[in-house]
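>>> Please work out how this folds:
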Amino acid sequence: MKIATAGYNMDFLPDWQAYAAKLESWVSTAAGEGAQLLVFPEYGAMELATLAGRAVALDLQGSIRAVSERIGDVDSLHGQLAERYGVHILAASAPVDVGKGLPVNRARFFAPGGRMEVMDKQIMTRFEREDWGVRGGDPLRVLETELGRIGVLICYDSEFPLLGRAVSDAQLLLVPSCTEALAGYWRVRIGSMARALESQCVVAMASTVGACDWSEAVDTNCGAGGVFCPPDRGFPSTGVIAEGVLNAPGWTYAEVDLAAVEEVRRDGVVLNRLHWAEQAGRDGKAPLTEMKT
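Okay, the predicted model is just below:
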């Protein structure tokens, strides 16, 4: 299949019609290039806060409420576009009020036949938990789709190997991200590449890019789209299938054969996923050798 992963620039939107037109332009462009799966980034939905005005968009709690109130309409639009263009879409994640106190950071997955699944971030960054008041959501799971088995690790989640292990049955991991600095981009990229290595799978990373002077939450954004893999038989030796231009808006495309994932898991030069359990001794702890100095 062909994957399109976004370097997505958020805009100050004059009205809902402008958002709908922008989203359709992105989707139609990727579909026109033959992409079957489109991956948008973490918190790319924050541009919806501008529909309530600059003052609301600049207010941390106000921006959450403004975006959350729009999610029903946003999801309807994504579902329509997935059907119209015959594509699968991981929508940009958003802070969503699910009626349990603090909001969650939620991505939504749409299939052409009308299926929608929600996938939540598990571990919050310091900004999310200390300043913004966003909490972890529902547990991780692997989606069985027409394209293959898909898991989602939102941004910071990609940096934790046990979260990767929880969805290690997935052939393809999607990592929507939102990072303000080059160091943040590379933390998520390194985490994505590590998950591809240890789980012997393909990982597609999307990023927000550019400046947003109307938001305290997503004011600066640094990143690029990219698709990563185990550096093993049937894949590039670099572990990189495709990488976008840093901070440049647009799609990065990659052709991916998930049969290669199954083959490398069965008969790779190394078998990281199969050998995972060997890290632990009988007491459940990693085997260590005490060294005397």
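>>> Please count neighbours and contacts with C-alpha atoms only from this point.
Fine.
>>> Show me where this structure has its strands.
Using DSSP state E, the strands of the chain run over residues 2-9, 37-39, 88-90, 94-96, 104-110, 116-120, 143-144, 149-152, 172-177, 202-211, 220-221, 226-228, 240-243, 250-255.
>>> What are the buried residues along stretch 214-228?
214-215, 217-218, 220-228 (16 or more other Cα atoms under 10 Å).
>>> helices or strands next to the longest helix seen in the chain in the packing?
Of all the elements of type helix in the chain, the one with the most residues (DSSP state H) is helix 60-85. Contacts defined by 3 or more Cα pairs under 8 Å, 6 or more residues apart in numbering; DSSP states H and E place helix 60-85 against helix 16-32, helix 54-58, strand 88-90, strand 94-96, strand 104-110.
>>> Could I get those in JSON lines, plus columns for mean neighbour count?
Listed next are the helices and strands packed on helix 60-85 as JSON lines, based on neighbours: other Cα atoms under 10 Å:
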{"stretch": "helix 16-32", "mean neighbour count": "16"}
{"stretch": "helix 54-58", "mean neighbour count": "19"}
{"stretch": "strand 88-90", "mean neighbour count": "26"}
{"stretch": "strand 94-96", "mean neighbour count": "26"}
{"stretch": "strand 104-110", "mean neighbour count": "24"}
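>>> so which of the ones you listed gets nearest Y253?
Between Y253 and these, the tightest spacing by Cα to Cα is seen for helix 16-32, at 8.5 Å.
>>> Save the buried residues of stretch 214-228 as JSON lines, and put in pLDDT too.
Formatted as JSON lines, those follow (pLDDT from 0 to 100):
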{"residue": "W214", "pLDDT": "97"}
{"residue": "S215", "pLDDT": "97"}
{"residue": "A217", "pLDDT": "95"}
{"residue": "V218", "pLDDT": "97"}
{"residue": "T220", "pLDDT": "97"}
{"residue": "N221", "pLDDT": "98"}
{"residue": "C222", "pLDDT": "98"}
{"residue": "G223", "pLDDT": "98"}
{"residue": "A224", "pLDDT": "98"}
{"residue": "G225", "pLDDT": "98"}
{"residue": "G226", "pLDDT": "98"}
{"residue": "V227", "pLDDT": "98"}
{"residue": "F228", "pLDDT": "98"}
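>>> which regions of the stretch 151-293 of the chain sit below the pLDDT cut-off?
By pLDDT under 70, the weakly predicted segments of the stretch 151-293 of the chain are 281-293.
>>> let's go with 80 and repeat that
Counting by pLDDT under 80, the stretch 151-293 of the chain contains low-confidence ranges at 280-293.
>>> show me where it has helices.
161-166, 182-199, 258-267 (DSSP state H, counting those that start in this stretch).
>>> May I see the buried residues of the shortest one?
With burial defined by 16+ other Cα under 10 Å, the residues of helix 161-166 counted as buried are P161, L163, G164.
>>> Let me know the closest of the residues you listed to V142.
V142 lies nearest to G164 out of the buried residues of helix 161-166, by Cα to Cα, at 11.0 Å.
>>> nearest spatial neighbour of the most centrally placed residue in the chain, skipping sequence neighbours?
With distances taken as Cα atoms, centre = their mean, the residue of the chain nearest its centroid is P176 (1.9 Å). Leaving aside its chain neighbours, P176 sits nearest to P41 (4.0 Å; criterion: Cα to Cα, 6 or more residues apart in numbering).
>>> Contacts only, for that neighbour.
6-8, 91-93, 175-178, 205-208 (Cα atoms under 8 Å, 6 or more residues apart in numbering).
>>> one more time with 7 Å, if that's ok
A6, Y8, A92, S93, P176, S177, C178, A206, S207, T208 (Cα atoms under 7 Å, 6 or more residues apart in numbering).
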